[in-house]
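# model this:
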Amino acid sequence: MYNRIFSLTLAAIFLCCFASRSMAQAGGTNPQLYMYRHNSSPGVSPTPVLVNDLLGTLQWRGLTAIGEVELGATIKSVATNVSPGILNGNMLFATSGAAGLTDKMIITPDGLVGIGELSPTFNLHVAGNTHTTGRFHGRIHYDLDLGNANSLPSSYVDEAYFERKNRLSIGMGANTYTDGGTLSLAPGGSSLDRQIFTGGDDGLWTRSQTLTGGNGWEPWEKILTSGDINGNVGRVPVFFGGTIGDPTSEMRNSQLFDNGTNVSIGGTHPPTPPTFNADYLLTVNSLGTGNALTVNGQTFVNGRIGLGVAASATNRLQVSGNSQFDGNIGLGTAPGGNRLEVSGDSHFAGSVGINKAPSAAFDLDVNGDANVDGKLVIGNPTSTPGSHELYINGSAIAEEIIVKLQPNWPDYVFENDYDLKPLSEVEEFVNENKHLPGVATANEISESGLSLGLTQKAQMEKIEELFLYVIQQQKQLEAQQKTIERLETEIQNLKK
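Got it, this is the predicted structure:
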């Protein structure tokens, strides 16, 4: 205890002399310089220091003008923990700048060093950029919490580290250069680790941790660089190579050309891009053999298409040339079991041939049977009155026409209960109506047309009635003839 007091006394004497000398020195085999801090008043016994008490300060001052001495830097220590037999303190390094004397660096009692950070949490905690001209050995840690840049790292998890590796030991192919450098990135959490390798003359490589995690790795994949990419301006490159990991993999010219607005595919072009048609977003050129475009799967075109001709301004599809469809087609409806199914109106501006080539002499030429389930209009009548199945505007010629009527053909005239009107009544009807009973009038035919079937039926009815009248008259004539012959016989007998 006395030795310590004696040493402090010598130190105090030394400091008293410090101001009067241009340079202070400490010599001997174990030179020491003490700063002793206590809390006391003059004439009172010393009392212990307290936490946050300044233990001492070293100052660097300089003469800046006659009679003017300025402070340039300091090193001071502050007590952080005080108890009997224990004194913990830090060291604060301050420099004088535009803002005056400011603490810039600290060494904590635990040995943590902070530069620009006065509450360091790492062995070396730097706030701001760092630069080193020498080698660095160790691991670089990520921040585990992306939302907090000051989060503590997890050991060997959220980090990146550099290593030199033998190519064969990590599954790389042989190369002139046997070793290379790896950058391992281990984000931690649910993320997969990834490695980047370089060092040979075959470019950059990368691989990922297997999906199951652990120590497994996926195969190496090459990262294409400018040396692996060759092509021309306006020509889209495509990946060429054998398999994943092929060191000869590269990007070369494809048959796809793009000027930023229009695209051209295929064809024979010089190294420079083709001449694009500004009216077409996509132009597909044939290579001379085979199909210029083959589509497997669904295709949606929200616009207009021209095949062999410029796309129409109004039609969705414009085709110039022959077309062949080897399947069923539905127009306005889903295709069914027929080659062509149309739902809606159709218009043909030329000749149509069914089961034969179309003929220029006919708009419609059919070889085989035809069935019309509905009205059939031939010509261009001004109207189609009634509910007839066939309308013809013009004459018709046929070698034979069969009209198949519904039942009740006029054979009923010959039935015993048929009401055959006396000729006197018929005469009276004709004189009054100017047509036979049961026969359409001229006005009806003018308005509704002549019904061939009903007319034939009416005519047959009148013919059969006429035969009945003739038979009646024949019977009357025969009866009259017998009466005449009887009267002639009686007259002859009277003459005798």
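# where along the stretch 1-150 of the chain do the helices fall?
2-18 (DSSP state H, counting those that start in this stretch).
# Low-confidence stretches in it?
1-24, 42-43, 138-150 (pLDDT under 70).
# Please enumerate the strands of it.
54-65, 68-83, 86-89, 91-97, 100-107, 113-115, 124-126, 140-141 (DSSP state E, counting those that start in this stretch).
# now those in CSV, with distance to residue 319?
Just so you know, the C-beta spots here come from the backbone N, C-alpha and C atoms, and that holds for glycine as well. Output for those, formatted as CSV (distance: least, Cβ to Cβ, whole Å):
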stretch, distance to residue 319
strand 54-65, 94
strand 68-83, 90
strand 86-89, 93
strand 91-97, 82
strand 100-107, 82
strand 113-115, 78
strand 124-126, 73
strand 140-141, 66
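# With respect to burial, which of those scores highest?
strand 113-115 (a mean of 18; mean count of other Cβ atoms under 10 Å).
# That one pairs with which strands, parallel or anti?
Strand pairing for strand 113-115, determined by DSSP bridges: strand 100-107 (antiparallel), strand 124-126 (parallel).
# Would you mind splitting this protein into its domains for me?
The chain is divided into the following domains under automatic domain parsing: 352-397, 410-495.
# roughly how far apart are the residue sitting nearest the centre point of the chain and residue 317?
For the chain, the residue sitting closest to the mean C-alpha position, by Cα atoms, centre = their mean, is residue 300 at 11.9 Å. Counting by Cβ to Cβ, to the nearest Å, the gap from residue 300 to residue 317 is 14 Å.
# where do the contact lists of those two overlap?
With contacts taken as Cβ atoms under 8 Å, 6 or more residues apart in numbering, residue 300 and residue 317 have no neighbour in common.
# and the residue nearest to the centre of the chain, that one's in a helix?
No - counting by DSSP: H, G, I helix; E, B strand; the rest coil, residue 300 is not found in a helix; it is coil.
# Run through the residues that contact residue 183.
Counting by Cβ under 8 Å, 6+ apart, residue 183 touches 160-162, 195-196.
# make it 7 Å
160, 162, 195-196 (Cβ atoms under 7 Å, 6 or more residues apart in numbering).
# For the residue nearest to residue 128 when sequence neighbours are not counted, grab the count of nearby residues.
If the residues on either side of it in the chain are set aside, residue 128 comes closest to residue 116, at 5.1 Å by Cβ to Cβ, 6 or more residues apart in numbering. Number of residues near residue 116 (other Cβ atoms under 10 Å) recorded here: 14.
# and residue 116, what does it touch?
Going by Cβ under 7 Å, 6+ apart, residue 116 touches 104, 126-128.
# cool, residue 107 as well?
90-91, 113.
# How much space separates it from residue 55?
13 Å.
# same deal with residue 72?
Distance from residue 72 to residue 55, by Cβ to Cβ: 21 Å.
# With residue 424 instead?
Taken as Cβ to Cβ, the span from residue 424 to residue 55 is 159 Å.
# what does residue 476 give?
Taken as Cβ to Cβ, the span from residue 476 to residue 55 is 167 Å.
# Then residue 371?
Distance from residue 371 to residue 55, by Cβ to Cβ: 117 Å.
# Give the rounded mean pLDDT of stretch 412-423.
Taken as a whole, stretch 412-423 has an average pLDDT of 86.
# Between the two ends of that stretch, what distance do you get?
End-to-end distance of stretch 412-423 (Cα to Cα, to the nearest Å): 19 Å.
# re the thing from before, just send the strands paired with strand 113-115 back as CSV, with distance to residue 175 too.
As requested, these are arranged in CSV below (distance: least, Cβ to Cβ, whole Å):
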stretch, distance to residue 175
strand 100-107, 47
strand 124-126, 38
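# what's the closest of those strands to residue 404?
Among the strands paired with strand 113-115, strand 124-126 comes nearest to residue 404, with 109.7 Å by Cβ to Cβ.
# neighbouring contacts of that closest one?
With Cβ under 7 Å, 6+ apart as the test, strand 124-126 has contacts from 112-117.
# Identify the farthest-apart pair in those residues.
Most distant of these, by Cβ to Cβ, are 112 and 116, 13.5 Å apart.
# before we move on, back to that, in helices, which of the contacts of residue 183 appear?
Using DSSP state H, no member of the contacts of residue 183 falls in helices.
# Closest to residue 185 out of those?
Scanning the contacts of residue 183 for proximity to residue 185, where the rule is Cβ to Cβ, the winner is residue 160, at 5.1 Å.
# What's the local residue count around residue 200?
19.
# sec struct for it, please.
Per three-state DSSP, residue 200 ends up coil.
# Contact partners for the nearest residue to it once chain neighbours are set aside?
Among residues not flanking residue 200 along the chain, residue 175 sits closest, at 3.8 Å (Cβ to Cβ, 6+ apart). Residue 175 makes contact with 167, 200-202, according to Cβ under 7 Å, 6+ apart.
# With residue 436 instead?
Going by Cβ under 7 Å, 6+ apart, residue 436 touches 430, 462.
# Report the separation between the nearest residue to residue 95 once chain neighbours are set aside and residue 63.
If the residues on either side of it in the chain are set aside, residue 95 comes closest to residue 73, at 4.9 Å by Cβ to Cβ, 6+ apart. As judged by Cβ to Cβ, residue 73 and residue 63 stand 15 Å apart.
# again, but for residue 188
Distance, residue 188 to residue 63, by Cβ to Cβ: 57 Å.
# related to what we said a few turns ago, quick one: which helix or strand includes the residue nearest to residue 200?
Using DSSP states H and E, residue 175 falls within no helix or strand.
# Low-confidence ranges, the stretch 251-400 of the chain, go.
Short version for the stretch 251-400 of the chain, where the test is pLDDT under 70: 251-255, 267-273, 285-293.
# ranges for the strands of it?
263-265, 282-284, 305-307, 317-319, 329-331, 340-342, 352-354, 364-366, 376-378, 390-392.
# Would you list the strands that the second one pairs with, along with their directions?
Under the criterion DSSP bridges, strand 282-284 sits next to strand 263-265 (parallel) in its sheet.
# Also the fifth one?
Next to strand 329-331 in the sheet, as set by DSSP bridges, lie strand 340-342 (parallel).
# got a list of contacts for the partner strand?
Taking Cβ under 7 Å, 6+ apart as the rule, strand 340-342 contacts 329-333, 335.
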